[in-house]
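S.K.: this one's sequence-less:
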């Protein structure tokens, strides 16, 4: 019988589901750091997919796992990147930047080896590699060097406050860079559907307020309904914003015809859109 655990303080601050995922990610990061593997771009990393997380924790829905991970990355608790060598592998790698920065460790970067089904078998995710038996042959030699390194661990100087400040600054820069890249990717995605400028900015904020996912699948669904309504995707998004709809269905337009004597808005062109002046300009973009 599997036993799952989490940190109570983390659960109070971010929720139980987030605490469970963080504890799992922390476990693998600790193991990878101890084994000296998956050190890239200044951090120790572990990788997994939402589907694999769902199989590990079947009581958390897959979509909820995606939302929780996105929220934790937005807050800077987690940092995620695609560090796979193969372009077809879209698996995200995760780290806890405040705890697992590479500092003064001597390690040999491990080559990424991707195999079918690797992400699903998460219980052994960082150990299951092609050439695993060859790595184990060299483990005894590595342990000899580990004992020598431990002898010198006790004589490390106490870090000064300046060094700590520099470390925090590097972490902050890494997080800000990840958030900026994610924000830019949203605008590039929307631009492909003719949603640009203030309309794109307000639509991102709208999806965040509705706790909705912003993805190509969602936009394709809106595009399909917009085609049935004989309007552009941008026009459909304008209607969603003006009527505070979370989604879009062409049949809803038939149910909202104007009363007699009132002029109906023409949404066949996107030129009418004006951003809401009451919107909060300081609200952060979703990650």
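M.R.: Ah, there it is. Fair warning: this is a prediction, and the values are worked out from it, not measured in the lab.
S.K.: The residue nearest to residue 207 when sequence neighbours are not counted: neighbouring residues, count only.
M.R.: Here the nearest residue to residue 207 in space, its sequence neighbours aside, is residue 214; by C-beta to C-beta, 6 or more residues apart in numbering that works out to 4.6 Å. The C-beta positions use only the backbone N, C-alpha and C, and glycine is treated the same way. By other C-beta atoms under 10 Å, 17 other residues sit near residue 214.
S.K.: Let me know whether residue 214 touches residue 200 as I believe.
M.R.: No. With contact defined as C-beta atoms under 8 Å, residue 214 and residue 200 do not form a contacting pair (10.3 Å).
S.K.: Poorly predicted segments of the protein, please.
M.R.: Low-confidence segments of the chain (pLDDT under 70): 1, 104-165, 167-168, 172, 174-184, 255-287.
S.K.: about what we covered before: list the residues that contact both of residue 214 and residue 200?
M.R.: Contact criterion C-beta atoms under 8 Å, 6 or more residues apart in numbering; residues shared by residue 214 and residue 200: residue 186.
S.K.: Work out for me the element residue 47 sits within.
M.R.: Using DSSP states H and E, residue 47 falls within strand 46-48.
S.K.: on contacts alone, who are the packing partners of that strand?
M.R.: Packing partners of strand 46-48 (3 or more C-beta pairs under 8 Å, 6 or more residues apart in numbering; DSSP states H and E): helix 16-35, strand 92-95.
S.K.: Give me whichever of these is most buried.
M.R.: strand 92-95 (a mean of 22; mean count of other C-beta atoms under 10 Å).
S.K.: what residues does that one touch?
M.R.: With contact meaning C-beta under 8 Å, 6+ apart, strand 92-95 is reached by 25, 29, 38, 40, 43-49, 69, 78-84.
S.K.: Among those residues, name the buried ones.
M.R.: 25, 29, 38, 43-49, 69, 78-81 (16 or more other C-beta atoms under 10 Å).
S.K.: Between those residues, which sits nearest residue 7?
M.R.: For the buried ones among the contacts of strand 92-95, the closest approach to residue 7 (C-beta to C-beta) belongs to residue 25, at 12.1 Å.
S.K.: and that closest one, what is it in contact with?
M.R.: If you count contacts by C-beta under 8 Å, 6+ apart, residue 25 has them with 46, 48, 78, 94, 95, 96.
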